[in-house]
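[1] Could you look at this predicted model? Sequence included:
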Amino acid sequence: MATATCAAEPLGSASATRRHAVTGQPLLRASTARRLAADGTHGRGLHASTLHAAGAPARSGAAATVLQIVNNVAGCGILTLAAGMAAGVGWIPAMAMCLVLGAISGFTFYLIGASCDLTGCTSFKDLWSATLGPSTSWVVDGTIALMCFSAAIIYSGILGDAFGALASLGGAKAPAAFLRRASIIVLTGLVLTPLTLLKDLSALSFTSALGCAAVLYTGIFVALRALDGTYRLGTDSALLASLPPHLTPSFARASLMRFDKRALVLVSNLGMAFIAHYNAPAFYESLEDHTPARWGRVCALSFAVLSLLYAAMMGFGYATFGDTSSANLLLNYAEADALAVVGRLATGASILFGYPLVMVGLRNAITGVCASLGGADAKSAPPFRKAMRGLCTEGARVPLTLTLLGTITAIACTISDIGTVVGIAGALLGAAIVYTYPPLMYAAARRATPNPAPAAVYALVPLGAFLGILGTYVTLT
């Protein structure tokens, strides 16, 4: 059976659509979309279908593409890795898992670009339609919607953690849990709601650089605190003494080789940290003189850098706090720690101004699902289909956004530990987006060629299912 192909519009084509295919809402200008493609926090950058709709990306050399991919992938997920290690993994297995899963993630990232080369597609959704059939393309929008929804909950939780700690440092006299919830509610009402209701987000294109700076600074300060002994047990450090008992460093379970079922928590956290595969078609399209071989070298270098960055962050974080490492590592540092204060401010600002881009991805993915399920706009359509079509209209944009914001805020206020959301999202969505979808699409694309996909590609599908199911179970139990 021949594989369908996607006809890519030429660069700079005047016919390239500038509006959402369903709602008709104006999308970002092409230049803005290109900048947002390199955004450094998960879910904050628009996924490939939206990026392509906003205009074809400018060509980038191999080195620039590597930097863009690293910036796009590395985000707040780095704050969860020490906690994954603390769940029950020794030093050697933890480092090995980080490197192995990084290699697999890089390989599946490559498979998406190679599939685009075979089909001519330039977006994740179009690639799915061309290889696995348009009738199930709503699965892509549904997965992206869940990804963005989970990311928004995690970001709201991190905002509550960061600004709650800053409020306490500023003299607010209230329990930490109250300050966290109050911070989430106030920031949502006064900052996030007005920003997410904006139609033109071009003014927020600076968030890519801000996110990159926040990640870079956080990595440096975590390394410094691990090396300078500020939180080393047995010292007379005032910052160490100010920590509550549940955050005081402990290494009772530390080992070189420990490895049990709790290691799946780290697998899930890494799955969340490496997710950005829905943007792979945009990066492949933007790579100058792109060929599968050149793309393979770019992916190998990008994910090697990411794997080493994650291993360093995980190792330095665990070396500092050990078994008490939090799902949000910034919580472990003393409120008065000057380096941590700057880290919280940088991370909080990065999330605040990047949050609206999460909501764009979420809203567009939901309207994509509704358009697929709603079918043709016929007067005789059942009420369910009419309701689905109704959510795709411009009039539904504000109510849908406010409903989503309210739901996300309520969940973020209820769940005090973002580790639960990270674990479940990383297990299920990581299994789907990183380990399952790419090999399925690549294998389907190769059926139209004389050389079918090798067996190793198919082996990734059951691996993804195994990690997704067990990772979710371990996280919940």
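    The structure has been received and is ready for your questions. Numbers count the residues shown, from 1 in each chain.
[2] roughly how far apart are Asp161 and Ser268?
    20 Å (C-beta to C-beta, to the nearest Å). (Glycine included, C-beta is placed from N, CA and C.)
[3] More neighbours: which of the two?
    Higher neighbour count among Asp161 and Ser268: Ser268, with 31 against 27, using other C-beta atoms under 10 Å.
[4] Please enumerate the helices of the stretch 151-300 of the chain.
    Secondary structure of the stretch 151-300 of the chain (DSSP state H, counting those that start in this stretch): helices at 176-187, 193-196, 207-228, 238-241, 263-273, 280-286, 292-321.
[5] Quick one: closest of these to Leu476.
    Leu476 sits nearest to helix 263-273 of all the helices of the stretch 151-300 of the chain, at 10.8 Å, using C-beta to C-beta.
[6] any residues touching that closest one, and which ones?
    42, 73-75, 77-78, 80-81, 83-85, 87-89, 93-94, 97-98, 101-102, 310, 419, 422-427, 429-431, 434-435, 467, 470-472, 474-475 (C-beta atoms under 8 Å, 6 or more residues apart in numbering).
[7] Sitting in helices, which of those do you find?
    73, 81, 83-85, 93-94, 97-98, 101-102, 310, 419, 422-427, 429, 467, 470-472, 474-475 (DSSP state H).
[8] the longest helix in this protein is where?
    The chain, longest helix under DSSP H: helix 338-374.
[9] list the helices and strands that one packs on?
    With contacts taken as 3 or more C-beta pairs under 8 Å, 6 or more residues apart in numbering; DSSP states H and E, helix 338-374 sits against helix 48-53, helix 138-169, helix 193-196, helix 207-228, helix 383-390, helix 397-414.
[10] Which pLDDT value belongs to Val222?
    With respect to pLDDT, Val222 scores 95.
[11] neighbours of it, just the number please.
    Counted with other C-beta under 10 Å, Val222 comes out at 28.
[12] Now do the contacts for the residue lying closest to it once chain neighbours are set aside.
    Distance criterion C-beta to C-beta, 6 or more residues apart in numbering; nearest residue to Val222, sequence neighbours excluded, is Phe316 at 5.0 Å. Contact analysis of Phe316 by C-beta under 8 Å, 6+ apart lists 82, 222-223, 225-227.
[13] Just want the angle from the longest helix of the chain to helix 397-414.
    130 degrees (axes from the mean of the first three to the mean of the last three C-alpha atoms, to 10 degrees).
[14] Helix 338-374 relative to helix 207-228, how many degrees between them?
    Going by the same axes, to 10 degrees, helix 338-374 makes 140 degrees with helix 207-228.
[15] Could you list the buried residues of helix 338-374?
    339-341, 343-344, 346-374 (16 or more other C-beta atoms under 10 Å).
[16] shaky segments in the stretch 51-200 of the chain?
    Within the stretch 51-200 of the chain, the ranges that satisfy pLDDT under 70 run 51-58.
[17] Convert the C-alpha atoms of stretch 203-220 to PDB, please.
    The C-alpha trace of stretch 203-220 is given here as PDB (Å, rounded to 0.1, in the frame of the first residue of the first chain):
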ATOM      1  CA  ALA A 203       5.000  40.500  22.300                       C
ATOM      2  CA  LEU A 204       5.800  37.400  24.300                       C
ATOM      3  CA  SER A 205       8.400  36.100  21.800                       C
ATOM      4  CA  PHE A 206      11.200  37.100  24.300                       C
ATOM      5  CA  THR A 207      10.100  34.200  26.500                       C
ATOM      6  CA  SER A 208      12.400  31.800  24.500                       C
ATOM      7  CA  ALA A 209      15.500  33.700  25.700                       C
ATOM      8  CA  LEU A 210      14.100  34.100  29.200                       C
ATOM      9  CA  GLY A 211      13.400  30.400  29.500                       C
ATOM     10  CA  CYS A 212      16.900  29.500  28.300                       C
ATOM     11  CA  ALA A 213      18.400  32.000  30.800                       C
ATOM     12  CA  ALA A 214      16.300  30.600  33.600                       C
ATOM     13  CA  VAL A 215      17.400  27.000  32.800                       C
ATOM     14  CA  LEU A 216      21.100  28.000  32.500                       C
ATOM     15  CA  TYR A 217      21.100  29.900  35.700                       C
ATOM     16  CA  THR A 218      19.300  27.200  37.600                       C
ATOM     17  CA  GLY A 219      21.800  24.600  36.400                       C
ATOM     18  CA  ILE A 220      24.700  26.800  37.500                       C
END
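[18] If you count neighbours, what's buried in it?
    Going by 16+ other C-beta under 10 Å, stretch 203-220 has these buried residues: 204-205, 207-208, 210-212, 214-215, 217-219.
[19] Setting aside sequence neighbours, what's the nearest residue to Gly361?
    Cys148 (4.5 Å).
[20] Can you add distance to Thr401 and pLDDT and give the buried residues of stretch 203-220 back as a markdown table?
    Shown next, in a markdown table, are these (distance: C-beta to C-beta, whole Å; pLDDT from 0 to 100):
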| residue | distance to Thr401 | pLDDT |
| --- | --- | --- |
| Leu204 | 15 | 72 |
| Ser205 | 20 | 70 |
| Thr207 | 18 | 70 |
| Ser208 | 22 | 71 |
| Leu210 | 23 | 80 |
| Gly211 | 22 | 79 |
| Cys212 | 27 | 83 |
| Ala214 | 25 | 86 |
| Val215 | 27 | 86 |
| Tyr217 | 31 | 92 |
| Thr218 | 30 | 91 |
| Gly219 | 33 | 91 |
